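A.B. asks: give me the fold of what follows.
(2 chains)
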Amino acid sequence: MEKATKLLFAIAAILLLAGLALAFFVAPQIVIQKNGQYLSVFSQKIFYFHVPVAWTSLLAFIVGAVFGALFLTKKERRYDFLSFASVELGFLFGVLVMWSGDIWTRSEWGTWWEWEPRLTTYLILMLLYSGYFVLRSAVSEESSKARLSAAYSVIASVTVPFTFFAIRIIPSVHPVVLSMDGVAMEPTMLVAMLVPVFGMTCLYIALLLMRYQTLLIGEEVDYLKNELGG
Amino acid sequence: MSGVKQIAAIIKKDMIAELRTKEMVVSMFLFVLLVMVAFKYAFGDSDNFSTYAGGLLWVAFLFTALLGLNRSFVHEKDEGCLEGLLLAPVDRPNIFFGKMIGNIIFISVVEIITIPIYIVLFKLSIQGSIALFAGAIILSNIGISTVGTLLSTVSINTKMRDMLLPLIFLPVILPVLAAAVVSTGGIMAGVTGEKLVNVFSAMKLLIAYDILFLLVAYALYDFVIGE
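C.D. replies: Prediction:
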């Protein structure tokens, strides 16, 4: 497993660096028309970082819920470790999503925060998973910790699509600012987006495996400590 | 004992306990009144609350429900009743359904008393169909009680107990809050046309949420309540 982790880190590094190069040197600069003037939007480059981390964080939450459900059916400790590690990474990537999104929002819309559906969904998603960590820290017994947090990860993952739709039925006072669906993407832009998406996914898997191994080692250390009467 | 009888027995037990002490409904009712008075001052000297009608209603109800949901398992746990329930030959999901329906009843009783007071205090009116209004409230209550009962069982099994429940309950219930505000607010304002479509889509969302979370609770309750 260690070898696979290293290999994945290497692939992730190559793809992410290639992604950076593609984003800055290959993908065309976006030009928009504003008040009759043509403006080139450099801030759009953050898109090539923002989309990969957003995708990875959602993937990590879904994987976390899948391993949570597996733990509940199979009752094997390793599924709890994988579920926890994945939710943890999902949260970490989620912080990056909000951070990179915020920078873009500030430069593009002039505010740090807008109650726009996508942003709001993500904020609630992060609050939802913050509860996961509080829940984990509030249970001392290992087996109930695993059981309750696995159940919660399933509940949280079911909530996400509802949050997504619920926010969209509230009549919005804000005009539609940005709609990616309307923008046809240039082939080079698509490549510049997909390469870091794959890179980030590799990074996520590598980190997941690494975290999983540390959790296993942690368990072994605890076991040895108990053996020694500590 | 059949499933329905088991559920009925649990509901009956909760009702008898409540009728003897009346602590839950009375404290929930007082709390929701206090929240409404707090709203009056929070919004300053504004005299037109109709824009926020749905929002005021549901923020108050949600926190009140939270108060009741916390209690619903705390005394079971403290008096050792939960062990008794778990030892009794009752299916675990039936414990859930019993407690959930009990919670729906408590929340609904408080709402039935509060809504007229709320309408009078904030000079509001229900301009749309009353049946639709009641329907939206019942659908929201089912959602709140389903998720609330499931998560209060989770929180009661932790060290933090009632401290934890709001932290995990509120983010999960936010879709219900949003849909409940849109639907009841719209019905109270008597909207028509496109906005009425919005009301119906909010109610559809509530139905979907209720069904899905009932299934989730049914599937997970065994794991949540513990060995």
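A.B. asks: residue B:162 against residue B:70, yeah?
C.D. replies: Yes - at 4.2 Å, residue B:162 counts as touching residue B:70 under the criterion of CB atoms under 8 Å. The way it works is simple: take the backbone N, C-alpha and C, and place the C-beta from them, glycine included.
A.B. asks: so what sits against both of those two?
C.D. replies: Counting by CB atoms under 8 Å, 6 or more residues apart in numbering or on different chains, the contacts common to residue B:162 and residue B:70 are residue B:155.
A.B. asks: with neighbour numbers in mind, choose between those two.
C.D. replies: residue B:70 (20 against 17; other CB atoms under 10 Å in any protein chain shown).
A.B. asks: where's the more buried one, which helix or strand?
C.D. replies: Assigned by DSSP states H and E, residue B:70 falls within helix B:53-78.
A.B. asks: off-centre distance for that helix?
C.D. replies: Centroid separation between helix B:53-78 and its chain, computed with CA atoms, centre = their mean, to the nearest Å, is 6 Å.
A.B. asks: distance of the nearest residue to residue A:86 once chain neighbours are set aside from chain B?
C.D. replies: Closest residue to residue A:86 apart from its sequence neighbours, by CB to CB, 6 or more residues apart in numbering or on different chains: residue A:64 at 3.8 Å. Distance, residue A:64 to chain B, using CB to the nearest CB, to the nearest Å: 15 Å.
A.B. asks: for residue A:197, same thing?
C.D. replies: Using CB to the nearest CB, residue A:197 is found at 27 Å from chain B.
A.B. asks: check residue A:49 too.
C.D. replies: 26 Å.
A.B. asks: wasn't that residue part of a strand?
C.D. replies: No - assigned with DSSP: H, G, I helix; E, B strand; the rest coil, residue A:49 falls outside any strand and is helix.
A.B. asks: can you tell me the element residue 90 falls in?
C.D. replies: By default, I'm working from chain A. helix A:77-109.
A.B. asks: actually it's chain B I care about, not the one you picked
C.D. replies: Counting by DSSP H and E, residue B:90 is part of no helix or strand.
A.B. asks: low pLDDT regions in chain B?
C.D. replies: Chain B contains residues with pLDDT under 70 at B:1, B:45, B:227.
A.B. asks: going by residue numbers, what spans are helices in it?
C.D. replies: Using DSSP state H, the helices of chain B run over B:3-21, B:23-42, B:53-78, B:81-87, B:92-121, B:130-156, B:164-189, B:194-225.
A.B. asks: just the pLDDT for residue A:119.
C.D. replies: Per-residue pLDDT puts residue A:119 at 82.
A.B. asks: look at the residue sitting furthest away from the middle of chain A and tell me its secondary structure.
C.D. replies: Distance from the centre of chain A peaks at residue A:229, with 40.7 Å (CA atoms, centre = their mean). Three-state call for residue A:229 (three-state DSSP): coil.
A.B. asks: what distance do you get for it to residue A:219?
C.D. replies: Using CB to CB, to the nearest Å, residue A:229 is found at 18 Å from residue A:219.
A.B. asks: ditto for residue A:144
C.D. replies: 16 Å.
A.B. asks: those two: which is more packed in?
C.D. replies: The residue with more neighbours, out of residue A:144 and residue A:219, is residue A:144; 17 against 14, by other CB under 10 Å.
A.B. asks: so which of the helices of chain B is nearest residue A:113?
C.D. replies: helix B:164-189 (17.3 Å; CB to CB).
A.B. asks: show me the shaky parts of chain A.
C.D. replies: Applying pLDDT under 70 to chain A flags residues A:170-185, A:230.
A.B. asks: ramachandran angles for the residue nearest to the spatial centre of it?
C.D. replies: Nearest residue to the geometric centre of chain A (CA atoms, centre = their mean): residue A:57, 1.3 Å. As for residue A:57, its main-chain torsions (degrees, to the nearest 10) stand at phi -70, psi -40.
A.B. asks: number of residues surrounding the residue lying closest to it once chain neighbours are set aside?
C.D. replies: Nearest non-adjacent residue to residue A:57, counting by CB to CB, 6+ apart: residue A:93, 3.5 Å away. As a burial measure, residue A:93 scores 23 neighbours (other CB under 10 Å).
A.B. asks: likewise for residue B:66?
C.D. replies: Other residues near residue B:66 come to 21 when the count uses other CB under 10 Å.
A.B. asks: right, and it touches residue B:168 too?
C.D. replies: No - at 11.2 Å, residue B:66 does not count as touching residue B:168 under the criterion of CB under 8 Å.
A.B. asks: out of the helices of chain B, nearest to residue A:213?
C.D. replies: The nearest among the helices of chain B, by CB to CB, is helix B:194-225 at 26.6 Å.
A.B. asks: can you confirm residue A:214 is in a helix?
C.D. replies: Yes - under three-state DSSP, residue A:214 falls within a helix.
A.B. asks: about what we covered before: mind checking which of the helices of chain B is nearest residue A:194?
C.D. replies: Here helix B:164-189 is closest among the helices of chain B (CB to CB), at 31.6 Å.
A.B. asks: now for the closest one, which elements pack on it?
C.D. replies: helix A:117-137, helix A:142-169, helix B:53-78, helix B:130-156, helix B:194-225 (3 or more CB pairs under 8 Å, 6 or more residues apart in numbering or on different chains; DSSP states H and E).
A.B. asks: could I get the ones you listed in CSV, plus columns for distance to residue A:47?
C.D. replies: As requested, the helices and strands packed on helix B:164-189 are exported to CSV (distance: least, CB to CB, whole Å):
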stretch, distance to residue A:47
helix A:117-137, 13
helix A:142-169, 20
helix B:53-78, 35
helix B:130-156, 36
helix B:194-225, 30
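A.B. asks: out of those helices, which is the most enclosed?
C.D. replies: Mean neighbours per residue, mean count of other CB atoms under 10 Å in any protein chain shown, is largest over these for helix B:130-156, with a mean of 23.
A.B. asks: out of everything not next to it in sequence, what's closest to residue A:160?
C.D. replies: Using CB to CB, 6+ apart, the closest residue to residue A:160 is residue A:125 (6.1 Å).
A.B. asks: thought that neighbour was touching residue A:161?
C.D. replies: No - if you go by CB under 8 Å, residue A:125 and residue A:161 don't touch, sitting 10.8 Å apart.
A.B. asks: separation between the nearest residue to residue B:86 once chain neighbours are set aside and residue A:168?
C.D. replies: Leaving aside its chain neighbours, residue B:86 sits nearest to residue B:225 (6.9 Å; criterion: CB to CB, 6+ apart). For residue B:225, the distance to residue A:168 equals 35 Å [CB to CB].
A.B. asks: quick check: residue A:33 is in a strand.
C.D. replies: Yes - under three-state DSSP, residue A:33 falls within a strand.
A.B. asks: name the residues of chain A found near chain B, please.
C.D. replies: Applying CB under 8 Å from any CB of the partner chain, we find that chain A lies next to chain B at A:72, A:124, A:127-128, A:130-132, A:134-135, A:138-140, A:144, A:147-148, A:150-152, A:154-156, A:158-159, A:162-163, A:165-167, A:169-171.
A.B. asks: what's near enough to touch the closest residue in space to residue B:77 that isn't next to it in sequence?
C.D. replies: Excluding the flanking residues, the one nearest residue B:77 by CB to CB, 6+ apart is residue B:156, at 5.3 Å. The neighbourhood of residue B:156, defined by CB under 8 Å, 6+ apart, consists of B:73, B:74, B:76, B:77, B:82.
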